[in-house]
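Trainee: Sequence and predicted structure below; questions after.
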Amino acid sequence: MTDIRIALSDKAIAQLPTPEDGWYLARDTELKGFFVVVGRRKRTFTVQGDLRQQGKRASSIRVSIGDARELTTRAARAIAKEYLAQISKGQHPKAKNGNSEQGETDRNGAVGAATLVQAWQRYLEVHLIRKGRSEKTISGYRDHVERLFSEWLDTPLLDLANDPARVAEKHDQLTKENGPYMANGSMRTLRAIYNHARRTNRSLPRDNPADAVDWNQEERRNTGMGTGDLKEWFLELASLDNPIRREFHLFTLLCGSRPTALQQAKPEHVNFRRRTLHIPKPKGGSKRAFDIPLSREMILSLIRVLRFGRQMRPSQAQKWLFPAESASGHLAETKEDRDRLSKWGNDLRQTFRTIATVAGVSEFDAKLLMNHSIPGVNAGYVTRHKLVEDHLRSQQQAISTVVFSALGKSLTEQGALINWLGHGASRRAVTQFRLEPNTLSQEQERIRQAA
């Protein structure tokens with residue numbers, strides 16, 4: 001959840017919603033720098049201010065006041081005023097023997113030895129959120145820190161740095177309990193947070209505690225399909241009861257995009273005039289935003305899902321391209337029972353890359369279509385959006401053609417495929433497509449008539 005601003009009171013704090021994961025801040029509108037950290041199990045009164053030395057800002061510190069269940073808001077606000085006054089004078093409220101560097105550490109690790117949770121909060125705000133990292137990426141980091149390293153949250157990074165064997169043992173434990181990939185991923189997160197904290201705290205040792213880990217071997221999962229596998233997969237997909245989920249998996253195969261990016265697609269991101277679907281915040285954040293060129297088959301899939309969305313989930317469909325009865329309003333879980341649908345998610349992304357080779361699409365073009373980063377200096381001179389409306393669209397169409405050609409006579413022999421994708425099926429779907437007057441652009445209307 002995002003941070004909020006309210007007039008803090010006992011009643012208002014009691015009514016604050018509990019976050020599904022992580023925490024958020026409820027800042028007081030009356031006293032600047034006074035807020036409550038709202039977590040899943042605990043709500044803590046806290047203050048934040050700039051600790052100044054010789055008239056210059058030395059660091060920004062956060063100091064906890066107490067548990068909101070044990071302290072009234074009135075008492076906490078009085079303590080907060082006292083703490084903020086001390087901070088403004090360059091004194092740490094919880095310093096020992098008057099030495100501010102021996103007290104509770106600041107939030108960015110510049111004073112004393114930052115704890116893991118403080119270094120994580122700094123990394124989250126400055127590196128992840130400020131740089132526009134996706135919610136999926138942030139959620140992954142948060143899971144590593146707040147779930148897998150939960151017992152280390154209040155442990156100073158200096159303690160971990162001075163005891164690398166402890167970190168190595170943790171990696172061994174996670175490997176057994178959570179698997180080798182999760183163990184490696186969590187340690188990469190710890191390594192990144194430590195390196196980030198050391199930028200502002202040179203008292204931390206240069207050696208990263210995660211360097212003590214014996215990394216588990218990782219191999220790329222080769223779960224993609226070839227053209228010979230597509231017919232059976234299409235029959236599995238046609239049997240799914242939910243047509244929105246059916247179109248989601250089909251579209252994932254046809255575009256090779258990451259499922260999480262498609263889940264958050266909105267109707268306004270579809271531009272039928274340019275025949276593109278805009279992905280504003282893919283993996284890597286908004287700076288990696290790109291347009292997916294649409295083949296004919298992809299356009300028909302989008303038209304179908306728009307129709308089904310309006311019919312099945314009218315309120316959610318106003319905002320989301322793939323609506324669902326979920327907390328977010330869009331498809332949040334795209335996993336299927338493997339007995340019903342053998343391939344989904346990243347399997348389809350690998351399949352797209354495999355089919356692209358069969359279709360004669362170059363590796364460079366395939367990477368552009370999948371929004372992969374392109375190595376090399378020359379790649380920086382490629383203006384991607386200039387290629388979308390002509391060259392890349394033709395490459396996209398070549399891939400879609402190979403996919404549907406693999407179905408062979410199934411489109412005229414298999415009832416499930418005939419009703420979904422056979423001759424005239426798209427026309428019937430478009431004929432049934434109902435929206436309020438004037439909600440379709442002229443270009444969308446033209447495509448409906450031509451389908």
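Mentor: Great, that's in hand.
Trainee: Would you state the strands of the stretch 1-150 of the chain in chain order?
Mentor: 4-6, 24-28, 34-38, 43-53, 56-67 (DSSP state E, counting those that start in this stretch).
Trainee: ok, residues contacting the shortest one?
Mentor: So that's strand 4-6. Strand 4-6 is touched from outside by 12, 24, 25, 26, 27, 28, 29, with contacts defined as Cβ atoms under 8 Å, 6 or more residues apart in numbering. In this view, the C-beta of every residue, glycine as well, is placed from N, C-alpha and C.
Trainee: among the residues you listed, which two are most distant?
Mentor: For the contacts of strand 4-6, the farthest-apart pair by Cβ to Cβ is 24 and 29; their separation is 15.8 Å.
Trainee: Tell me which of the two has more neighbours.
Mentor: residue 24 (17 against 11; other Cβ atoms under 10 Å).
Trainee: Once you drop chain neighbours, what's closest to residue 240?
Mentor: Closest residue to residue 240 apart from its sequence neighbours, by Cβ to Cβ, 6 or more residues apart in numbering: residue 246 at 4.6 Å.
Trainee: Count the neighbours of the one you found for me.
Mentor: Residue 246, neighbours per other Cβ under 10 Å, totals 20.
Trainee: Spit out the contact partners of the residue lying closest to residue 162 once chain neighbours are set aside.
Mentor: Distances taken as Cβ to Cβ, 6+ apart put residue 205 closest to residue 162, at 7.3 Å, once the chain neighbours are dropped. When contacts are counted by Cβ under 8 Å, 6+ apart, residue 205 touches 158, 161, 162.
Trainee: Buried deepest among the strands of the stretch 1-150 of the chain, which one?
Mentor: Greatest average neighbour count among those goes to strand 34-38 (a mean of 22), per mean count of other Cβ atoms under 10 Å.
Trainee: relative orientation of it and strand 24-28 in degrees?
Mentor: Between strand 34-38 and strand 24-28, the angle comes out at 150 degrees (axes from the mean of the first three to the mean of the last three Cα atoms, to 10 degrees).
Trainee: Show me how far strand 34-38 is from its chain's centre.
Mentor: 25 Å (Cα atoms, centre = their mean, to the nearest Å).
Trainee: Mind listing residues that contact that strand?
Mentor: If you take Cβ under 8 Å, 6+ apart as the criterion, strand 34-38 is touched by 8, 13, 16, 18-19, 23-28, 43-48, 64, 68, 76-77, 80, 84.
Trainee: So what pairs up with residue 323 in the strands?
Mentor: Beta bridges link residue 323 to residue 330 when assigned by DSSP bridges.
Trainee: quick one: it and residue 243 touch, right?
Mentor: No: with contact defined as Cβ atoms under 8 Å, residue 323 does not reach residue 243; the gap is 11.7 Å.
Trainee: Between these two, which is the more surrounded one?
Mentor: residue 323 (25 against 17).
Trainee: mind listing what that one touches?
Mentor: By Cβ under 8 Å, 6+ apart, the residues touching residue 323 are 244, 309, 312, 313, 316, 317, 329, 330, 331.
Trainee: did I read that right, the fifth one in a helix?
Mentor: Translated: residue 316. Yes: if the criterion is DSSP: H, G, I helix; E, B strand; the rest coil, then residue 316 is within a helix.
Trainee: Distance check, it against residue 364.
Mentor: Look at residue 316 and residue 364: by Cβ to Cβ, to the nearest Å, they are 38 Å apart.
Trainee: got a list of contacts for stretch 325-341?
Mentor: 233, 236-237, 239-240, 244-245, 248-249, 259, 263-264, 313, 315-316, 319-324, 344-345.
Trainee: Which of these fall within strands?
Mentor: Among the contacts of stretch 325-341, none falls in strands (DSSP state E).
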